[in-house]
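Colleague: Below is the structure, and that's it, no one-letter string:
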(Lines give C-alpha, C1' and ligand atoms only; values in the text may rest on other atoms or scores of the structure.)
Protein backbone atom coordinates (compact mmCIF):
# COMPACT_ATOMS: atom_id res chain seq x y z
CA UNK A 1 0.00 0.00 0.00
CA UNK A 2 1.22 3.47 -0.74
CA UNK A 3 2.30 5.26 2.41
CA UNK A 4 0.25 8.34 1.47
CA UNK A 5 -2.93 6.28 1.29
CA UNK A 6 -2.18 4.52 4.57
CA UNK A 7 -1.61 7.81 6.40
CA UNK A 8 -4.83 9.23 4.97
CA UNK A 9 -6.78 6.16 6.03
CA UNK A 10 -5.33 6.19 9.53
CA UNK A 11 -6.11 9.89 9.89
CA UNK A 12 -9.68 9.17 8.86
CA UNK A 13 -10.08 6.56 11.58
CA UNK A 14 -8.80 8.89 14.26
CA UNK A 15 -11.17 11.62 13.11
CA UNK A 16 -14.37 9.58 12.99
CA UNK A 17 -17.46 10.96 14.62
CA UNK A 18 -19.49 9.01 17.15
CA UNK A 19 -22.74 8.23 15.36
CA UNK A 20 -25.02 8.93 12.42
CA UNK A 21 -28.71 9.43 11.85
CA UNK A 22 -31.41 6.77 11.94
CA UNK A 23 -30.88 5.91 8.31
CA UNK A 24 -27.13 5.39 8.65
CA UNK A 25 -24.34 7.58 7.31
CA UNK A 26 -21.01 7.28 5.56
CA UNK A 27 -17.72 9.12 5.89
CA UNK A 28 -15.60 8.60 2.82
CA UNK A 29 -11.83 8.47 3.23
CA UNK A 30 -8.79 7.93 1.06
CA UNK A 31 -9.14 5.62 -1.94
CA UNK A 32 -12.89 5.30 -1.39
CA UNK A 33 -12.73 3.49 1.97
CA UNK A 34 -15.70 4.23 4.21
CA UNK A 35 -16.98 4.13 7.73
CA UNK A 36 -20.66 3.35 8.06
CA UNK A 37 -22.90 3.89 11.05
CA UNK A 38 -25.65 1.36 10.51
CA UNK A 39 -28.17 3.23 12.64
CA UNK A 40 -28.88 4.18 16.23
CA UNK A 41 -30.72 1.07 17.37
CA UNK A 42 -33.48 3.00 19.09
CA UNK A 43 -31.34 4.55 21.83
CA UNK A 44 -31.44 8.12 20.52
CA UNK A 45 -29.20 10.61 22.26
CA UNK A 46 -28.90 8.53 25.45
CA UNK A 47 -26.42 6.06 23.98
CA UNK A 48 -23.17 5.86 25.87
CA UNK A 49 -21.16 3.18 24.05
CA UNK A 50 -19.84 3.30 20.49
CA UNK A 51 -18.05 0.28 19.01
CA UNK A 52 -16.11 0.20 15.78
CA UNK A 53 -15.58 -3.01 13.84
CA UNK A 54 -12.94 -3.12 11.11
CA UNK A 55 -14.42 -5.33 8.42
CA UNK A 56 -13.61 -6.75 5.01
CA UNK A 57 -14.83 -5.31 1.73
CA UNK A 58 -14.47 -8.26 -0.68
CA UNK A 59 -17.65 -9.21 -2.51
CA UNK A 60 -20.64 -8.57 -0.24
CA UNK A 61 -18.67 -8.80 3.04
CA UNK A 62 -19.18 -5.16 3.98
CA UNK A 63 -22.91 -5.28 3.36
CA UNK A 64 -23.22 -8.47 5.40
CA UNK A 65 -21.35 -6.86 8.29
CA UNK A 66 -23.46 -3.72 8.19
CA UNK A 67 -26.59 -5.88 8.36
CA UNK A 68 -25.48 -7.78 11.46
CA UNK A 69 -24.31 -4.53 13.07
CA UNK A 70 -27.80 -3.13 12.65
CA UNK A 71 -29.38 -6.30 14.05
CA UNK A 72 -27.10 -6.12 17.09
CA UNK A 73 -28.03 -2.50 17.71
CA UNK A 74 -31.72 -3.30 17.43
CA UNK A 75 -31.27 -5.76 20.30
CA UNK A 76 -28.85 -3.53 22.24
CA UNK A 77 -30.24 0.03 22.11
CA UNK A 78 -27.47 1.38 24.33
CA UNK A 79 -24.76 0.61 21.79
CA UNK A 80 -23.87 2.16 18.45
CA UNK A 81 -21.81 0.07 16.03
CA UNK A 82 -19.76 1.72 13.31
CA UNK A 83 -18.48 -0.49 10.48
CA UNK A 84 -15.12 0.55 9.05
CA UNK A 85 -14.32 -0.71 5.56
CA UNK A 86 -10.76 -1.93 5.07
CA UNK A 87 -8.63 -2.65 1.97
CA UNK A 88 -9.21 -5.83 -0.05
CA UNK A 89 -5.59 -7.02 -0.04
CA UNK A 90 -4.72 -8.50 3.33
CA UNK A 91 -1.26 -6.91 3.40
CA UNK A 92 -2.86 -3.47 3.11
CA UNK A 93 -5.43 -4.33 5.75
CA UNK A 94 -2.72 -5.57 8.08
CA UNK A 95 -0.87 -2.29 7.57
CA UNK A 96 -3.92 -0.35 8.75
CA UNK A 97 -4.28 -2.61 11.79
CA UNK A 98 -0.64 -2.31 12.75
CA UNK A 99 -0.86 1.48 12.63
CA UNK A 100 -3.64 1.31 15.21
CA UNK A 101 -2.00 -1.34 17.37
CA UNK A 102 1.39 0.35 17.46
CA UNK A 103 -0.35 3.53 18.63
CA UNK A 104 -2.36 1.46 21.15
CA UNK A 105 -5.36 3.26 19.72
CA UNK A 106 -8.82 2.70 21.15
CA UNK A 107 -10.41 3.70 17.84
CA UNK A 108 -11.01 0.05 16.93
CA UNK A 109 -12.87 -2.46 19.10
CA UNK A 110 -13.55 -5.55 16.99
CA UNK A 111 -11.26 -6.60 14.14
CA UNK A 112 -11.91 -9.06 11.33
CA UNK A 113 -8.62 -10.98 11.16
CA UNK A 114 -7.28 -13.54 8.74
CA UNK A 115 -6.84 -17.16 9.83
CA UNK A 116 -3.07 -16.65 9.51
CA UNK A 117 -2.85 -13.73 11.95
CA UNK A 118 -3.62 -14.98 15.50
CA UNK A 119 -0.03 -15.99 16.19
CA UNK A 120 1.40 -12.74 14.85
CA UNK A 121 -1.12 -10.37 16.48
CA UNK A 122 -2.07 -12.16 19.71
CA UNK A 123 -0.53 -9.52 21.98
CA UNK A 124 -3.00 -6.93 20.66
CA UNK A 125 -6.16 -8.91 21.50
CA UNK A 126 -7.90 -9.86 24.71
CA UNK A 127 -8.50 -13.45 25.83
CA UNK A 128 -12.13 -14.22 24.97
CA UNK A 129 -12.24 -17.42 27.04
CA UNK A 130 -14.01 -15.91 30.05
CA UNK A 131 -15.85 -13.10 28.27
CA UNK A 132 -19.60 -13.68 27.95
CA UNK A 133 -22.30 -13.20 25.36
CA UNK A 134 -25.72 -11.71 26.05
CA UNK A 135 -26.93 -15.06 27.39
CA UNK A 136 -24.04 -15.44 29.81
CA UNK A 137 -22.17 -18.13 27.86
CA UNK A 138 -18.41 -17.85 28.05
CA UNK A 139 -16.10 -17.68 25.09
CA UNK A 140 -14.80 -21.16 25.91
CA UNK A 141 -18.35 -22.55 25.83
CA UNK A 142 -19.13 -20.76 22.58
CA UNK A 143 -15.89 -21.94 20.97
CA UNK A 144 -16.90 -25.56 21.60
CA UNK A 145 -19.61 -25.16 18.91
CA UNK A 146 -17.02 -24.33 16.22
CA UNK A 147 -14.57 -26.45 14.22
CA UNK A 148 -11.91 -27.56 16.73
CA UNK A 149 -9.03 -27.01 14.29
CA UNK A 150 -9.95 -23.36 13.82
CA UNK A 151 -10.40 -22.83 17.56
CA UNK A 152 -6.97 -24.36 18.07
CA UNK A 153 -5.57 -22.01 15.44
CA UNK A 154 -7.08 -19.06 17.32
CA UNK A 155 -5.70 -20.16 20.69
CA UNK A 156 -2.26 -18.71 21.44
CA UNK A 157 -0.43 -19.64 24.66
CA UNK A 158 -3.72 -20.77 26.14
CA UNK A 159 -5.62 -17.60 25.25
CA UNK A 160 -8.58 -17.59 22.86
CA UNK A 161 -7.62 -14.48 20.91
CA UNK A 162 -10.39 -14.73 18.29
CA UNK A 163 -13.71 -16.46 17.70
CA UNK A 164 -14.23 -18.16 14.30
CA UNK A 165 -16.52 -16.21 11.97
CA UNK A 166 -16.41 -17.91 8.58
CA UNK A 167 -14.07 -20.36 6.96
CA UNK A 168 -12.84 -20.72 3.40
CA UNK A 169 -11.08 -23.04 1.00
CA UNK A 170 -10.12 -22.57 -2.63
CA UNK A 171 -12.57 -23.97 -5.20
CA UNK A 172 -12.69 -24.45 -8.97
CA UNK A 173 -15.62 -22.66 -10.60
CA UNK A 174 -16.62 -23.90 -14.04
CA UNK A 175 -19.22 -23.00 -16.65
CA UNK A 176 -21.59 -25.96 -16.92
CA UNK A 177 -23.11 -24.66 -20.16
CA UNK A 178 -19.71 -24.41 -21.85
CA UNK A 179 -18.54 -27.82 -20.69
CA UNK A 180 -21.72 -29.27 -22.17
CA UNK A 181 -21.28 -27.23 -25.36
CA UNK A 182 -17.76 -28.59 -25.91
CA UNK A 183 -18.53 -32.08 -24.54
CA UNK A 184 -16.09 -31.80 -21.64
CA UNK A 185 -16.07 -32.99 -18.03
CA UNK A 186 -14.94 -30.96 -15.03
CA UNK A 187 -11.15 -31.33 -14.97
CA UNK A 188 -9.50 -33.41 -12.24
CA UNK A 189 -5.89 -32.63 -13.20
CA UNK A 190 -4.05 -29.48 -14.16
CA UNK A 191 -3.30 -30.96 -17.59
CA UNK A 192 -7.01 -31.57 -18.11
CA UNK A 193 -7.75 -28.00 -17.01
CA UNK A 194 -5.24 -26.62 -19.50
CA UNK A 195 -6.70 -28.65 -22.36
CA UNK A 196 -10.32 -27.80 -21.53
CA UNK A 197 -9.55 -24.11 -21.00
CA UNK A 198 -7.75 -23.92 -24.34
CA UNK A 199 -10.56 -25.69 -26.18
CA UNK A 200 -13.28 -23.45 -24.78
CA UNK A 201 -11.22 -20.28 -25.18
CA UNK A 202 -10.51 -20.99 -28.84
CA UNK A 203 -14.13 -21.86 -29.50
CA UNK A 204 -15.61 -18.78 -27.82
CA UNK A 205 -13.14 -16.45 -29.50
CA UNK A 206 -13.91 -18.01 -32.87
CA UNK A 207 -17.55 -17.10 -32.24
CA UNK A 208 -16.63 -13.47 -31.66
CA UNK A 209 -15.81 -13.05 -27.96
CA UNK A 210 -12.21 -11.83 -28.16
CA UNK A 211 -12.26 -11.04 -24.43
CA UNK A 212 -12.79 -14.65 -23.44
CA UNK A 213 -10.18 -16.51 -21.34
CA UNK A 214 -9.88 -20.11 -20.28
CA UNK A 215 -8.84 -19.69 -16.65
CA UNK A 216 -8.70 -16.79 -14.19
CA UNK A 217 -7.13 -16.80 -10.74
CA UNK A 218 -5.15 -14.68 -8.26
CA UNK A 219 -1.65 -13.88 -9.53
CA UNK A 220 -0.74 -10.57 -7.93
CA UNK A 221 2.17 -10.45 -5.48
CA UNK A 222 0.10 -10.70 -2.29
CA UNK A 223 -1.30 -13.26 0.15
CA UNK A 224 -3.80 -14.49 -2.43
CA UNK A 225 -0.92 -15.77 -4.55
CA UNK A 226 0.46 -17.63 -1.54
CA UNK A 227 -2.93 -19.39 -1.34
CA UNK A 228 -3.06 -20.24 -5.06
CA UNK A 229 0.56 -21.35 -5.25
CA UNK A 230 0.32 -23.45 -2.09
CA UNK A 231 -2.56 -25.30 -3.76
CA UNK A 232 -0.44 -25.96 -6.83
CA UNK A 233 2.50 -27.18 -4.75
CA UNK A 234 0.48 -29.33 -2.34
CA UNK A 235 -1.54 -30.87 -5.18
CA UNK A 236 1.75 -31.91 -6.81
CA UNK A 237 3.01 -33.60 -3.64
CA UNK A 238 5.47 -30.75 -3.07
CA UNK A 239 4.67 -30.11 0.59
CA UNK A 240 3.50 -26.90 2.25
CA UNK A 241 6.49 -24.52 1.99
CA UNK A 242 7.49 -25.06 5.62
CA UNK A 243 6.17 -28.18 7.34
CA UNK A 244 4.55 -28.16 10.81
CA UNK A 245 7.80 -29.44 12.33
CA UNK A 246 9.69 -26.42 10.95
CA UNK A 247 11.39 -28.13 8.01
CA UNK A 248 11.76 -25.92 4.93
CA UNK A 249 10.65 -28.07 1.97
CA UNK A 250 9.73 -25.72 -0.87
CA UNK A 251 12.84 -26.41 -2.96
CA UNK A 252 11.82 -29.75 -4.47
CA UNK A 253 11.22 -31.08 -7.98
CA UNK A 254 7.45 -31.39 -7.64
CA UNK A 255 7.04 -27.79 -6.48
CA UNK A 256 9.39 -26.52 -9.19
CA UNK A 257 7.55 -28.38 -11.94
CA UNK A 258 4.04 -27.24 -11.03
CA UNK A 259 4.98 -23.57 -10.57
CA UNK A 260 6.72 -23.57 -13.95
CA UNK A 261 3.54 -25.08 -15.38
CA UNK A 262 1.43 -22.34 -13.81
CA UNK A 263 3.72 -19.73 -15.34
CA UNK A 264 2.93 -21.19 -18.76
CA UNK A 265 -0.74 -20.29 -18.29
CA UNK A 266 0.01 -16.55 -18.25
CA UNK A 267 -0.86 -15.12 -21.65
CA UNK A 268 -2.10 -18.47 -22.98
CA UNK A 269 -5.21 -19.66 -21.11
CA UNK A 270 -5.01 -16.78 -18.58
CA UNK A 271 -4.81 -13.04 -19.27
CA UNK A 272 -1.33 -11.47 -19.30
CA UNK A 273 -2.67 -9.21 -16.55
CA UNK A 274 -3.43 -12.13 -14.25
CA UNK A 275 -0.13 -11.39 -12.51
CA UNK A 276 -1.84 -8.28 -11.15
CA UNK A 277 -5.17 -9.88 -10.26
CA UNK A 278 -6.78 -10.41 -6.87
CA UNK A 279 -10.03 -12.17 -6.01
CA UNK A 280 -12.31 -9.43 -7.28
CA UNK A 281 -10.38 -9.03 -10.54
CA UNK A 282 -10.87 -12.72 -11.27
CA UNK A 283 -14.53 -12.57 -10.29
CA UNK A 284 -15.10 -9.55 -12.51
CA UNK A 285 -13.93 -11.41 -15.61
CA UNK A 286 -15.75 -14.59 -14.61
CA UNK A 287 -19.06 -12.96 -13.72
CA UNK A 288 -19.02 -10.96 -16.95
CA UNK A 289 -19.14 -14.30 -18.76
CA UNK A 290 -15.58 -14.06 -20.03
CA UNK A 291 -13.94 -17.14 -18.48
CA UNK A 292 -14.51 -20.88 -18.55
CA UNK A 293 -12.83 -21.62 -15.20
CA UNK A 294 -11.99 -19.63 -12.10
CA UNK A 295 -10.17 -20.31 -8.88
CA UNK A 296 -11.81 -18.41 -6.03
CA UNK A 297 -13.35 -18.65 -2.57
CA UNK A 298 -16.96 -19.67 -1.81
CA UNK A 299 -18.16 -16.06 -1.52
CA UNK A 300 -18.25 -15.82 -5.34
CA UNK A 301 -21.00 -18.45 -5.56
CA UNK A 302 -23.92 -16.35 -4.35
CA UNK A 303 -22.71 -13.31 -6.29
CA UNK A 304 -22.46 -15.37 -9.47
CA UNK A 305 -26.07 -16.47 -9.01
CA UNK A 306 -27.40 -13.00 -8.25
CA UNK A 307 -30.29 -11.67 -10.33
CA UNK A 308 -28.01 -9.26 -12.20
CA UNK A 309 -25.36 -11.89 -13.03
CA UNK A 310 -25.11 -12.96 -16.68
CA UNK A 311 -23.89 -16.42 -15.62
CA UNK A 312 -26.56 -17.13 -13.00
CA UNK A 313 -27.51 -20.81 -13.12
CA UNK A 314 -24.76 -21.59 -15.63
CA UNK A 315 -21.90 -22.68 -13.36
CA UNK A 316 -20.95 -25.06 -10.60
CA UNK A 317 -17.98 -25.69 -8.32
CA UNK A 318 -15.68 -28.64 -7.69
CA UNK A 319 -12.41 -29.40 -5.94
CA UNK A 320 -9.38 -27.84 -7.56
CA UNK A 321 -7.36 -30.10 -9.88
CA UNK A 322 -4.22 -31.97 -8.88
CA UNK A 323 -1.25 -33.28 -10.79
CA UNK A 324 -2.99 -36.66 -10.70
CA UNK A 325 -6.71 -37.38 -10.14
CA UNK A 326 -7.70 -37.24 -6.50
CA UNK A 327 -4.66 -35.19 -5.49
CA UNK A 328 -6.58 -31.95 -5.09
CA UNK A 329 -5.47 -29.42 -2.49
CA UNK A 330 -7.31 -26.34 -1.23
CA UNK A 331 -5.73 -23.68 0.93
CA UNK A 332 -7.46 -23.06 4.24
CA UNK A 333 -8.77 -19.54 4.47
CA UNK A 334 -11.28 -17.80 6.65
CA UNK A 335 -11.77 -14.93 9.02
CA UNK A 336 -12.08 -14.51 12.76
CA UNK A 337 -13.32 -11.81 15.11
CA UNK A 338 -10.92 -10.45 17.72
CA UNK A 339 -11.37 -7.78 20.38
CA UNK A 340 -8.67 -5.14 20.71
CA UNK A 341 -6.66 -5.05 23.92
CA UNK A 342 -6.91 -1.25 23.63
CA UNK A 343 -10.72 -1.11 23.43
CA UNK A 344 -12.41 1.07 26.01
CA UNK A 345 -15.41 -1.27 26.00
CA UNK A 346 -14.05 -4.84 25.87
CA UNK A 347 -17.12 -6.48 27.43
CA UNK A 348 -19.51 -4.90 24.94
CA UNK A 349 -17.07 -5.59 22.08
CA UNK A 350 -16.90 -9.26 23.05
CA UNK A 351 -20.70 -9.45 23.06
CA UNK A 352 -20.71 -7.98 19.55
CA UNK A 353 -18.13 -10.49 18.35
CA UNK A 354 -20.03 -13.43 19.83
CA UNK A 355 -23.30 -12.16 18.34
CA UNK A 356 -21.72 -11.88 14.89
CA UNK A 357 -20.28 -15.41 15.13
CA UNK A 358 -23.50 -16.95 16.48
CA UNK A 359 -25.22 -19.89 14.81
CA UNK A 360 -28.16 -17.76 13.67
CA UNK A 361 -25.89 -15.17 12.08
CA UNK A 362 -23.64 -17.75 10.46
CA UNK A 363 -26.70 -19.41 8.96
CA UNK A 364 -27.95 -16.10 7.56
CA UNK A 365 -24.59 -15.35 5.98
CA UNK A 366 -24.35 -18.85 4.55
CA UNK A 367 -27.79 -18.62 2.95
CA UNK A 368 -27.53 -15.07 1.67
CA UNK A 369 -23.83 -14.76 0.87
CA UNK A 370 -22.43 -18.33 0.62
CA UNK A 371 -19.96 -17.62 3.43
CA UNK A 372 -18.90 -20.91 4.99
CA UNK A 373 -19.97 -21.45 8.60
CA UNK A 374 -17.51 -22.54 11.25
CA UNK A 375 -20.27 -24.47 13.05
CA UNK A 376 -20.45 -28.03 11.72
CA UNK A 377 -24.19 -28.53 12.29
CA UNK A 378 -24.97 -25.87 9.67
CA UNK A 379 -23.47 -28.06 6.95
CA UNK A 380 -26.51 -30.33 7.25
CA UNK A 381 -29.04 -27.52 7.60
CA UNK A 382 -31.70 -27.77 4.86
CA UNK A 383 -31.89 -24.01 4.24
CA UNK A 384 -28.11 -23.69 3.96
CA UNK A 385 -27.82 -26.63 1.56
CA UNK A 386 -30.65 -25.32 -0.62
CA UNK A 387 -28.83 -21.99 -0.99
CA UNK A 388 -25.33 -23.47 -1.37
CA UNK A 389 -25.52 -27.19 -2.23
CA UNK A 390 -21.75 -27.50 -2.48
CA UNK A 391 -21.43 -26.92 1.27
CA UNK A 392 -22.59 -30.51 1.62
CA UNK A 393 -20.98 -32.15 -1.40
CA UNK A 394 -17.61 -30.47 -0.80
CA UNK A 395 -17.64 -30.67 2.99
CA UNK A 396 -14.42 -32.71 2.96
CA UNK A 397 -12.67 -29.96 0.98
CA UNK A 398 -13.39 -27.45 3.71
CA UNK A 399 -12.49 -29.72 6.62
CA UNK A 400 -9.27 -31.04 5.05
CA UNK A 401 -7.91 -27.82 3.58
CA UNK A 402 -4.15 -27.23 3.61
CA UNK A 403 -3.01 -24.74 6.24
CA UNK A 404 -0.41 -22.12 5.49
CA UNK A 405 2.66 -22.29 7.76
CA UNK A 406 1.46 -19.43 9.97
CA UNK A 407 1.61 -21.25 13.29
CA UNK A 408 5.11 -22.69 12.98
CA UNK A 409 6.54 -19.38 11.74
CA UNK A 410 4.70 -17.01 14.13
CA UNK A 411 5.27 -14.17 14.70
CA UNK A 412 7.10 -13.93 11.36
CA UNK A 413 4.56 -15.48 9.01
CA UNK A 414 3.95 -12.28 7.05
CA UNK A 415 7.63 -12.12 6.15
CA UNK A 416 7.68 -15.80 5.20
CA UNK A 417 4.62 -15.44 3.00
CA UNK A 418 6.03 -12.33 1.35
CA UNK A 419 9.20 -14.19 0.46
CA UNK A 420 7.13 -17.02 -1.01
CA UNK A 421 4.64 -15.02 -3.06
CA UNK A 422 7.31 -12.69 -4.42
CA UNK A 423 9.39 -15.70 -5.45
CA UNK A 424 6.43 -17.27 -7.25
CA UNK A 425 5.51 -13.93 -8.80
CA UNK A 426 8.99 -13.66 -10.28
CA UNK A 427 8.39 -16.99 -12.00
CA UNK A 428 4.93 -16.00 -13.27
CA UNK A 429 6.26 -12.74 -14.72
CA UNK A 430 9.17 -14.48 -16.45
CA UNK A 431 11.89 -12.90 -14.35
CA UNK A 432 13.09 -16.31 -13.17
CA UNK A 433 12.32 -19.98 -13.51
CA UNK A 434 11.10 -21.95 -10.53
CA UNK A 435 14.36 -23.86 -10.04
CA UNK A 436 16.37 -20.68 -9.61
CA UNK A 437 13.63 -18.90 -7.66
CA UNK A 438 13.10 -21.70 -5.14
CA UNK A 439 16.79 -22.20 -4.53
CA UNK A 440 17.05 -18.54 -3.60
CA UNK A 441 13.79 -18.75 -1.63
CA UNK A 442 15.11 -21.68 0.38
CA UNK A 443 18.18 -19.68 1.40
CA UNK A 444 16.04 -16.68 2.30
CA UNK A 445 13.71 -18.81 4.43
CA UNK A 446 16.65 -20.31 6.30
CA UNK A 447 17.90 -16.79 7.05
CA UNK A 448 14.40 -15.62 8.06
CA UNK A 449 13.43 -18.54 10.29
CA UNK A 450 16.60 -20.33 11.27
CA UNK A 451 14.90 -23.61 10.30
CA UNK A 452 16.62 -26.46 8.47
CA UNK A 453 15.84 -27.74 4.99
CA UNK A 454 14.48 -31.16 4.11
CA UNK A 455 12.10 -33.12 1.90
CA UNK A 456 8.29 -32.79 2.03
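Modeller: Thanks, I have the structure now. These figures come from a predicted structure and were not determined experimentally.
Colleague: use CA for all of it now, contacts and neighbours both
Modeller: Fine.
Colleague: who's in contact with stretch 279-289?
Modeller: 58-59, 212, 216-218, 224, 291-296, 300, 304, 309-311 (Cα atoms under 8 Å, 6 or more residues apart in numbering).
Colleague: just stretch 387-399 next, same as before
Modeller: So stretch 387-399 is in contact with 167-169, 301-302, 317-319, 330, 332, 366-368, 370, 372, 379-380, 384-385, going by Cα under 8 Å, 6+ apart.
Colleague: Kindly write the ChimeraX command that selects the buried subset of those.
Modeller: In ChimeraX syntax, the buried subset of these is picked out as below (16 or more other Cα atoms under 10 Å):
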select :167,168,169,301,302,317,318,319,330,332,366,367,368,370,372,379,384,385
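Colleague: where exactly do the helices run in the stretch 51-200 of the chain?
Modeller: 61-75, 90-102, 118-121, 139-143, 148-153, 176-181, 190-206 (DSSP state H, counting those that start in this stretch).
Colleague: Give me whichever of these is most buried.
Modeller: helix 118-121 (a mean of 21; mean count of other Cα atoms under 10 Å).
Colleague: list the helices and strands it packs on?
Modeller: On a contact count with 3 or more Cα pairs under 8 Å, 6 or more residues apart in numbering; DSSP states H and E, helix 118-121 meets strand 155-156.
Colleague: can you pull the contacts of the closest residue to residue 237 other than its chain neighbours?
Modeller: Distances taken as Cα to Cα, 6 or more residues apart in numbering place residue 254 nearest to residue 237, at 6.4 Å, with adjacent residues excluded. Contact partners of residue 254, counting by Cα under 8 Å, 6+ apart, are 233, 236, 237, 238.
Colleague: ditto for residue 384
Modeller: Counting by Cα under 8 Å, 6+ apart, residue 384 has contacts 363, 366, 367, 378, 391.
Colleague: hang on, it in a helix?
Modeller: Yes: under DSSP: H, G, I helix; E, B strand; the rest coil, residue 384 sits within a helix.
Colleague: From residue 62, how far out is it?
Modeller: From residue 384 across to residue 62, the span is 21 Å (Cα to Cα, to the nearest Å).
Colleague: and what of residue 81?
Modeller: Note on residue 81: its distance to residue 62, by Cα to Cα, is 13 Å.
Colleague: Ok, residue 124 next?
Modeller: 23 Å.
Colleague: ditto for residue 293
Modeller: In terms of Cα to Cα, residue 293 sits 26 Å off from residue 62.
Colleague: ok so, going back, which of the helices of the stretch 51-200 of the chain sits closest to residue 51?
Modeller: With Cα to Cα as the criterion, residue 51 lies closest to helix 61-75 of those, at 9.9 Å.
Colleague: for the closest one, packing partners?
Modeller: Going by 3+ Cα pairs under 8 Å, 6+ apart, helix 61-75 lies up against strand 49-55, strand 79-85, helix 346-356, helix 359-369.
Colleague: now those as a markdown table including distance to residue 99?
Modeller: Formatted as a markdown table, the helices and strands packed on helix 61-75 follow (distance: least, Cα to Cα, whole Å):
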| stretch | distance to residue 99 |
| --- | --- |
| strand 49-55 | 13 |
| strand 79-85 | 15 |
| helix 346-356 | 20 |
| helix 359-369 | 30 |
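Colleague: And the ones you listed: which comes nearest residue 97?
Modeller: Nearest of these to residue 97, taken as Cα to Cα: strand 49-55 at 8.7 Å.
Colleague: State the paired neighbours of that closest one in the sheet, together with their directions.
Modeller: strand 79-85 (parallel), strand 110-114 (parallel) (DSSP bridges).
Colleague: Give me whichever of those is most buried.
Modeller: strand 79-85 (a mean of 27).
Colleague: about what we covered before: let me have the strands paired with strand 49-55 in JSON lines, extended by distance to residue 442 and mean pLDDT.
Modeller: Below are the strands paired with strand 49-55 laid out as JSON lines (distance: least, Cα to Cα, whole Å; pLDDT from 0 to 100):
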{"stretch": "strand 79-85", "distance to residue 442": "37", "mean pLDDT": "97"}
{"stretch": "strand 110-114", "distance to residue 442": "25", "mean pLDDT": "97"}
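Colleague: To residue 67, which of the ones you listed lies closest?
Modeller: Judged by Cα to Cα, the one of these that comes nearest to residue 67 is strand 79-85, at 10.0 Å.
Colleague: That closest one to helix 346-356, inter-axis angle?
Modeller: 70 degrees (axes from the mean of the first three to the mean of the last three Cα atoms, to 10 degrees).
Colleague: any idea how far residue 58 lies from residue 174?
Modeller: Counting by Cα to Cα, the separation of residue 58 from residue 174 is 21 Å.
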